[in-house]
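Peer 1: Compute the structure for the input listed below.
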Amino acid sequence: FDFPILGTVTPAPAPEIEVSDGATNIVDGTTAINFGNTTVGTAVTKTFNIRNIGNAVLNLSGLSLPSGFSLVGSLPSSIAANGNVSLPIQLNANAVGNVGGSLQFITNDSDEN
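Peer 2: Here you go, the predicted structure:
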């Protein structure tokens, strides 16, 4: 006696990060965002959107900004599945000259960290 049996194994729930600057999707490690020019004492703020397009909680920690930039507010520790948060970053404009570097933070997204 025999009969076929079938089943499907689906991936475990997982977070998936997506970061944008307005309509521009920022690719991990490659997309540079220019805050433009400003005068000393006139700070410029850009707000980034962090979305969790996955189906599990996205954890965030360890925010690191280059000298000359600061976080306006705080980085949340997590984003629910299909949720999003705003991340306002300020170019402080405290001194004349070029500033730059990498904005970094740690997540539990296995392919973008």
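Peer 1: drop to CA atoms for contacts and neighbour counts, all remaining ones
Peer 2: Fine.
Peer 1: And the strands in this protein, which stretches?
Peer 2: 17-21, 24-26, 44-52, 58-64, 69-71, 78-79, 84-91, 104-107 (DSSP state E).
Peer 1: Comparing those strands by mean pLDDT, which bottoms out?
Peer 2: Ranked by mean pLDDT, those bottom out at strand 24-26, with a mean of 90.
Peer 1: and S86, bridged to which residues?
Peer 2: Here S86 sits in beta bridges with N49, going by DSSP bridges.
Peer 1: picking that back up, adding mean neighbour count, write the strands of the chain out as TSV.
Peer 2: Formatted as TSV, these follow (neighbours: other C-alpha atoms under 10 Å):
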stretch	mean neighbour count
strand 17-21	18
strand 24-26	14
strand 44-52	18
strand 58-64	16
strand 69-71	18
strand 78-79	18
strand 84-91	18
strand 104-107	15
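Peer 1: can you redo those strands as TSV with distance to L6?
Peer 2: What follows is the strands of the chain, written out as TSV (distance: least, C-alpha to C-alpha, whole Å):
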stretch	distance to L6
strand 17-21	33
strand 24-26	40
strand 44-52	32
strand 58-64	33
strand 69-71	52
strand 78-79	36
strand 84-91	37
strand 104-107	36
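Peer 1: Residues contacting stretch 84-103, please?
Peer 2: With C-alpha atoms under 8 Å, 6 or more residues apart in numbering as the test, stretch 84-103 has contacts from 35, 38-52, 63-76, 79.
Peer 1: Nice, that's everything, thank you.
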